[in-house]
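> here's my sequence, what's the structure:
(2 chains)
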Amino acid sequence: GNSVTQMEGPVTLSEEAFLTINCTYTATGYPSLFWYVQYPGEGLQLLLKATKADDKGSNKGFEATYRKETTSFHLEKGSVQVSDSAVYFCALRDTSGTYKYIFGTGTRLKVLA
Amino acid sequence: EPEVTQTPSHQVTQMGQEVILRCVPISNHLYFYWYRQILGQKVEFLVSFYNNEISEKSEIFDDQFSVERPDGSNFTLKIRSTKLEDSAMYFCASRTSGGAYEQFFGPGTRLTVL
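Predicted coordinates for the structure are as follows:
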């Protein structure tokens, strides 16, 4: 079945550092791809999405590009802030059935001042 | 902006008790989902529901779980006899019938089984 693989965390960065969180997927067809962010004790917030190959999703300085050739959707941000500390989940929308979402294991990001 | 709501935000129960988690999906949505996130782990699909019946369920969704849409607005998840390992955050989601099939998630209910 379809699946998502995310890089292991935690990732610890200094403020203003460059962030990359890797995400690759295995899927039949071309699923929509998502990044969600979860702050401590809170729910899931959609950060960005891409629905087809070469689409770039962006929001709040975060970007991710849907790469069909490498089946990847890596999350990047040029300059992280302490307030970006959270857990980031990569997800895909299943390509058949009920179009359920399949999530990666999550990557915890800690940004130090 | 319409949003999915869930109640309660936190539920504490004793092992073996029944719990009902409630969700109010966005009003024109037709597909409904429950997901579970055990503390520190990934979000896992439990069940999807359409046209008053289960359309897909995961292996987690065993006979202890049930879902229903008792009226035109609520969507509930019932756990008949809770176990310690049911302690988790439960997210409800809903979507429309077409478009990009994007799901909208509620804020979650944290279930603690003692």
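
> run through the bridge partners of B:H10.
B:R110 (DSSP bridges).

> mind listing what it touches?
B:109-110, B:112 (CB atoms under 8 Å, 6 or more residues apart in numbering or on different chains). All C-beta atoms are positioned from the backbone trio N, CA, C, and that covers glycine.

> pLDDT score assigned to it?
Here, the pLDDT recorded for B:H10 equals 96.

> before we move on, the earlier item: out of the contacts of B:H10, which is most surrounded?
Greatest neighbour count in the contacts of B:H10, by other CB atoms under 10 Å in any protein chain shown, goes to B:T109: 22 neighbours.

> residues contacting that one?
Each residue near B:T109 by CB under 8 Å, 6+ apart is listed here: B:6-11, B:21, B:89-90.

> now it: how far from B:K78?
Going from B:T109 to B:K78 by CB to CB, to the nearest Å gives 13 Å.

> before we move on, back to that, any idea which of the contacts of B:H10 is closest to A:Y99?
Nearest to A:Y99 among the contacts of B:H10 is B:T109, at 23.0 Å by CB to CB.

> related to what we said a few turns ago, identify the contacts common to B:T109 and B:K78.
In contact with both B:T109 and B:K78: B:L21, using CB under 8 Å, 6+ apart.

> determine which two of the contacts of B:T109 are furthest apart.
The widest separation within the contacts of B:T109 (CB to CB) is 14.0 Å, between B:T7 and B:M89.

> for these two, indicate the residue with more neighbours.
Remark: of B:T7 and B:M89, B:M89 carries more neighbours, 22 against 14, as counted by other CB under 10 Å.

> the helix or strand harbouring the more buried one near chain A at all?
In this assignment (DSSP states H and E), B:M89 forms part of strand B:88-95. Yes. Looking at strand B:88-95 against chain A by CB under 8 Å from any CB of the partner chain, the contacts come from B:89, B:91, B:93, B:95.

> for that strand, which strands pair with it and how are they oriented?
Strand pairing for strand B:88-95, using DSSP bridges, gives strand B:31-37 (antiparallel), strand B:104-105 (antiparallel), strand B:109-113 (antiparallel).

> okay, those in JSON lines with mean pLDDT next?
Converted to JSON lines, these look like this (pLDDT from 0 to 100):
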{"stretch": "strand B:31-37", "mean pLDDT": "96"}
{"stretch": "strand B:104-105", "mean pLDDT": "91"}
{"stretch": "strand B:109-113", "mean pLDDT": "97"}
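
> quick one: the helix or strand of chain B with the lowest mean pLDDT to chain centroid distance?
None of the helices or strands of chain B scores lower by mean pLDDT, DSSP states H and E than strand B:104-105, at a mean of 91. Computed by CA atoms, centre = their mean, to the nearest Å, the separation of strand B:104-105 from the middle of its chain amounts to 11 Å.

> who touches that strand?
A:43-44, A:46, B:3-4, B:26, B:29, B:35, B:91-95.
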